[in-house]
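Chemist: Predicted model, plus sequence, below.
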Amino acid sequence: MKNLIFLLLAIMLPLRLTTTAEARIDVDISSAELRKVPVAVPYFIDSKEVGKAGELGQEMASILAEGLEFHGFISIIQASSYGGGQQSDWLGLGADFTVIGKYTNEGNDGMMMEIRLIDISTGRMILGRRYRGTVAKTRMMLLKFCDEIINKMTGEPGVSLTQIAFVSEKNGIKEIYLTDIFGNELRQITRHRKIAISPRFTADGLFISYTSYHRDNPNLYLTELAQSKITTPISRRKGLNMAPAWAPEGDRLVITLSMDGNPDLYLMGRDGEIISQLTKDEGINVSPSWSPDGSQLAFVSDRSGSPQIYVMNINTKSVRRITYVGNYNTTPAWSPKGDMIAYSGHHDGRYHIFVIPPEGGRPTRLTRLWGDHESPSWSPDGRQIAFSRNRDGEQKICAIFKNGAGLRVLFDWDGNESMPQWSPRPAM
């Protein structure tokens with residue numbers, strides 16, 4: 001991950017092209033009646049062979065189009081409908097914007113590309129960038145521009161360069177894996193050949209913590225993603241060392257420990273030293289999730305007789321229950337926007353994904369199709385939720401937009417997949 005950051009800084013230096021408009025394009029992406037923005041992404045042109053796209057130019061356009069469409073409020077006008085050429089009748093095709101790109105193979109494995117976002121109504125360029133890097137970084141450069149387009153349209157960068165950690169049984173046992181959000185680069189993180197569960201990114205996204213049973217006790221470990229060969233134990237106390245939540249500032253975590261018999265929440269330093277005990281003998285207390293400002297903590301407790309979502313003030317340790325609909329509500333995930341908590345609740349014999357304001361109130365059910373939907377995790381822009389769906393014993397990682405639209409399976413590999421965790425954006 002550190003190598004990724006340095007490559008973005010040192011190799012993929014984006015050179016700003018002169019733009020005629022710096023103002024943000026106002027797109028309301030929260031509306032239930034969202035009109036998607038039609039965008040055309042014609043084939044990229046090889047600057048050394050004027051007018052020629054070729055397979056590489058087609059692939060570049062496809063990568064950028066996929067990234068834009070992933071964000072849910074952009075519809076791509078298929079290149080096949082106009083032949084992929086850059087001199088098409090965009091108004092006639094119904095495009096609001098088009099992305100025009102060209103590239104140059106610079107030798108010694110070098111790649112340069114220039115990409116422009118054009119407002120069709122005015123004919124003006126509203127965003128332009130030039131990137132230089134290696135051929136191997138072509139995809140990364142394209143997705144970086146994708147996130148800049150999303151930023152231009154919404155005021156916040158996209159999530160094209162983020163990743164999802166999850167548990168997979170593709171090799172017959174639960175291990176931690178990591179992938180980009182498009183499922184193109186799958187990487188196995190743990191190789192304990194014993195159960196590994198509950199992956200959690202640190203606040204900077206450079207490390208993953210997880211619980212492993214490879215020493216016959218559910219211990220907590222930390223792995224640096226830049227190498228993922230050496231794991232560091234954080235907590236190997238007797239009993240549970242489970243499902244930590246990393247504080248926004250990154251140097252503390254909340255974890256469930258059962259060393260004294262009852263599963264309780266503890267505030268712990270990155271070095272594994274306990275700072276304070278947050279709950280004590282009031283039922284089972286698990287699944288912590290920090291508020292974005294680090295002042296509160298959502299968690300699950302059965303202190304009222306059934307698992308429900310509670311919110312704790314970290315400073316005072318005062319606790320209030322926020323879920324009262326349903327008798328089994330678990331795995332809260334606080335939105336990075338701070339306005340919603342997602343969770344999995346039992347309803348009509350199935351588990352579904354709900355959202356509820358942190359102060360409580362009437363929850364909103366997002367998933368409505370058959371199957372069990374569990375372990376929600378927010379995208380860093382707070383617009384999407386990843387979760388696992390179980391249908392007849394087959395578990396897959398899915399995503400849905402926060403308005404309940406666009407449910408789809410993200411990955412389709414062999415073996416069950418569960419416990420997804422969406423990474424922070426990589427530092428730029």
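Modeler: Ah, there it is. In this text the structure is predicted, and so the values were computed from the model without any measurement.
Chemist: Was I right to think Arg350 contacts Asp372?
Modeler: Yes. The criterion here is C-beta atoms under 8 Å, and Arg350 meets it with Asp372 at 5.6 Å. Heads up, the C-betas are built off the backbone N, CA and C, glycines and all.
Chemist: could you say which helix or strand contains Gly128?
Modeler: strand 124-134 (DSSP states H and E).
Chemist: Show me what the helix or strand just after that strand is packed against.
Modeler: Sequence order places helix 138-154 as the next helix or strand after strand 124-134, per DSSP H and E. Counting by 3 or more C-beta pairs under 8 Å, 6 or more residues apart in numbering; DSSP states H and E, the packing neighbours recorded for helix 138-154 are helix 2-10, helix 54-70, strand 110-119, strand 124-134.
Chemist: now the third one, how far from the centre of its chain.
Modeler: In other words, strand 110-119. Its chain's C-alpha centre and that of strand 110-119 lie 26 Å apart, by C-alpha atoms, centre = their mean, to the nearest Å.
Chemist: strand partners of it, parallel vs antiparallel please.
Modeler: strand 97-107 (antiparallel), strand 124-134 (antiparallel) (DSSP bridges).
Chemist: Which among the helices and strands packed on helix 138-154 is found nearest to Gly205?
Modeler: helix 2-10 (9.4 Å; C-beta to C-beta).
Chemist: and the angle for the strand holding Gly128 with helix 138-154?
Modeler: 150 degrees (axes from the mean of the first three to the mean of the last three C-alpha atoms, to 10 degrees).
Chemist: Averaged pLDDT, strand 124-134. What do you get?
Modeler: Averaging pLDDT along strand 124-134 gives 96.
Chemist: Wait, Leu117 touches Ala95, no?
Modeler: No. Using C-beta under 8 Å, Leu117 is not in contact with Ala95, being 11.6 Å away.
Chemist: Show me how the protein divides into domains.
Modeler: Following the assignment in automatic domain parsing, the chain carries domains at 2-154, 163-422.
Chemist: Distance from the chain centre to stretch 210-223, please.
Modeler: With C-alpha atoms, centre = their mean, you get 24 Å for stretch 210-223.
Chemist: no, scratch that, I was asking about stretch 76-91
Modeler: The mean C-alpha position of stretch 76-91 is separated from the chain mean by 31 Å, C-alpha atoms, centre = their mean.
Chemist: Give the buried residues for that stretch.
Modeler: For stretch 76-91, burial by neighbour count (16 or more other C-beta atoms under 10 Å) applies to Ile76, Ile77, Ala79, Tyr82, Gly84, Gln86, Ser88, Trp90.
Chemist: so where's the stretch 151-300 of the chain uncertain?
Modeler: Across the stretch 151-300 of the chain, the ranges flagged by pLDDT under 70 are 228.
Chemist: Show me where it has its strands.
Modeler: Here the stretch 151-300 of the chain has its strands, by DSSP state E, counting those that start in this stretch, at 163-168, 175-180, 187-188, 196-201, 207-212, 219-224, 231-235, 241-246, 252-257, 264-269, 274-277, 285-290, 296-301.
Chemist: closest to Gly57 out of these?
Modeler: Using C-beta to C-beta, those put strand 175-180 closest to Gly57, at 21.9 Å.
Chemist: For the closest one, enumerate the helices and strands it packs against.
Modeler: Strand 175-180 packs on strand 163-168, strand 187-188, strand 196-201, strand 207-212, going by 3+ C-beta pairs under 8 Å, 6+ apart.
Chemist: Point to the residue nearest the middle of the chain.
Modeler: Trp422 (3.2 Å; C-alpha atoms, centre = their mean).
Chemist: What residues are bridge-paired with that residue?
Modeler: In beta-bridge terms (that is, DSSP bridges), Trp422 pairs with Ile164.
Chemist: Per-residue pLDDT of it, please?
Modeler: 98.
Chemist: from memory it sits against Thr179, does it?
Modeler: No. Under the criterion of C-beta under 8 Å, Trp422 makes no contact with Thr179, lying 11.2 Å away.
Chemist: Skip the chain neighbours and tell me the closest residue to Arg200.
Modeler: Leaving aside its sequence neighbours, Arg200 sits nearest to Ser209 (C-beta to C-beta, 6 or more residues apart in numbering; 4.9 Å).
Chemist: what about that neighbour, how many neighbours?
Modeler: By other C-beta atoms under 10 Å, the residues close to Ser209 number 26.
Chemist: same question, the one 10 residues further on
Modeler: Using other C-beta under 10 Å, Asn219 has 21 neighbouring residues.
Chemist: Now it. Nearest residue, chain neighbours left out?
Modeler: Arg236 (4.3 Å).
Chemist: dump the residue contacts of the one you found.
Modeler: By C-beta atoms under 8 Å, 6 or more residues apart in numbering, the residues touching Arg236 are Arg215, Asn217, Asn219, Leu220.
Chemist: in stretch 216-233, what counts as buried?
Modeler: Pro218, Asn219, Leu220, Tyr221, Leu222, Thr223, Glu224, Leu225, Ser228, Thr231.
Chemist: Pick out whichever of these sits closest to Val325.
Modeler: The nearest one, if we look at the buried residues of stretch 216-233 relative to Val325 and count by C-beta to C-beta, is Pro218, at 31.2 Å.
Chemist: so that closest one touches Ala196, yeah?
Modeler: No. Pro218 is beyond contact range of Ala196, at 9.9 Å (criterion: C-beta under 8 Å).
Chemist: Identify the contacts common to these two.
Modeler: Joint contacts of Pro218 and Ala196 (C-beta under 8 Å, 6+ apart) are Thr211, Ser212.
Chemist: sorry, back to before: I'd like to know which of the helices and strands packed on strand 175-180 is closest to Ser289.
Modeler: That would be strand 196-201 among the helices and strands packed on strand 175-180, by C-beta to C-beta, at 10.0 Å.
Chemist: contact partners of that closest one?
Modeler: Against strand 196-201 from outside (C-beta under 8 Å, 6+ apart): 165-167, 174-176, 189-190, 207-214, 242-246, 419, 421, 423-424.
Chemist: Next, the angle from it to strand 231-235.
Modeler: 90 degrees.
Chemist: Partner strands of strand 196-201, with direction?
Modeler: strand 207-212 (antiparallel).
Chemist: What lies in contact with the strand it pairs with?
Modeler: 165, 176, 178, 189-190, 192, 194-202, 218-225, 234, 241-244, 246, 253.
Chemist: Buried ones among these?
Modeler: The buried subset of the contacts of strand 207-212 (16+ other C-beta under 10 Å) comprises 165, 176, 178, 189-190, 192, 195-202, 218-225, 234, 241-244, 246, 253.
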